[in-house]
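>>> The sequence isn't on hand, but the structure is:
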């Protein structure tokens, strides 16, 4: 099965590809789509029309990155009639690490974690501290918590391919970006 997986939810961007029984994973330090497409086009026989499906990391993480990945892959879906799936970053982190609690700290004292197969959001640092002996985190995050296990930043894009290939129902119900935090807005009359 030829599968394209995109994770733009971090500062570095990752594209993983399962193509003609070969696996690839590329890291990009830039948002330049020409560079990404040029890199894929260097793979022997690669053509977007030969993909069976595409998938992406829908968040939590950079919401702008998730929206860009959604737009690119949704366009591929429409142009090439591909299946298209969205996956929670936390679920992808938890793939093959079900006994751990996937954890993503954000810049605003927001904490995202996955417990009992459910993505959750909190601002309560004590809740996160109470889970520290089970936490699974990506390398490179600046956090006051020392997790039980660190995984490589590229692992989400790679795990998404494995999740698609497993044919288990692990994708999100919607392909829209996965924004867990409930927002409350107040209109100020002025």
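Okay, I see it. The shown structure was predicted, so the numbers you read here are calculated from the model rather than taken from an experiment. Residues are numbered from 1 along each chain as shown.

>>> which residues does the residue positioned nearest the centre of the chain contact?
In the chain, the residue lying closest to the centroid (C-alpha atoms, centre = their mean) is residue 57, at 2.4 Å. Residue 57 makes contacts with 5-9, 66, 69, 87, 89, 92, 156-157, 160, as judged by C-beta atoms under 8 Å, 6 or more residues apart in numbering. Heads up, the C-betas are built off the backbone N, CA and C, glycines and all.

>>> any idea which of the residues you listed is closest to residue 19?
For the contacts of residue 57, the closest approach to residue 19 (C-beta to C-beta) belongs to residue 5, at 11.1 Å.

>>> sorry, back to before: got the contacts of residue 57 as a markdown table, with secondary structure, neighbour count and distance to residue 23 columns?
Shown next, in a markdown table, are the contacts of residue 57 (DSSP: H, G, I helix; E, B strand; the rest coil; neighbours: other C-beta atoms under 10 Å; distance: C-beta to C-beta, whole Å):
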| residue | secondary structure | neighbour count | distance to residue 23 |
| --- | --- | --- | --- |
| 5 | strand | 29 | 10 |
| 6 | strand | 25 | 15 |
| 7 | strand | 32 | 15 |
| 8 | coil | 25 | 19 |
| 9 | coil | 26 | 21 |
| 66 | helix | 25 | 23 |
| 69 | helix | 26 | 19 |
| 87 | strand | 26 | 17 |
| 89 | helix | 27 | 20 |
| 92 | helix | 26 | 15 |
| 156 | helix | 28 | 15 |
| 157 | helix | 27 | 11 |
| 160 | helix | 32 | 12 |
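
>>> Tell me the one of those nearest residue 111?
Closest to residue 111, out of all of the contacts of residue 57 and judged by C-beta to C-beta, is residue 89, at 13.4 Å.

>>> what pLDDT does that closest one get?
Residue 89 is assigned a pLDDT of 96 by the prediction.
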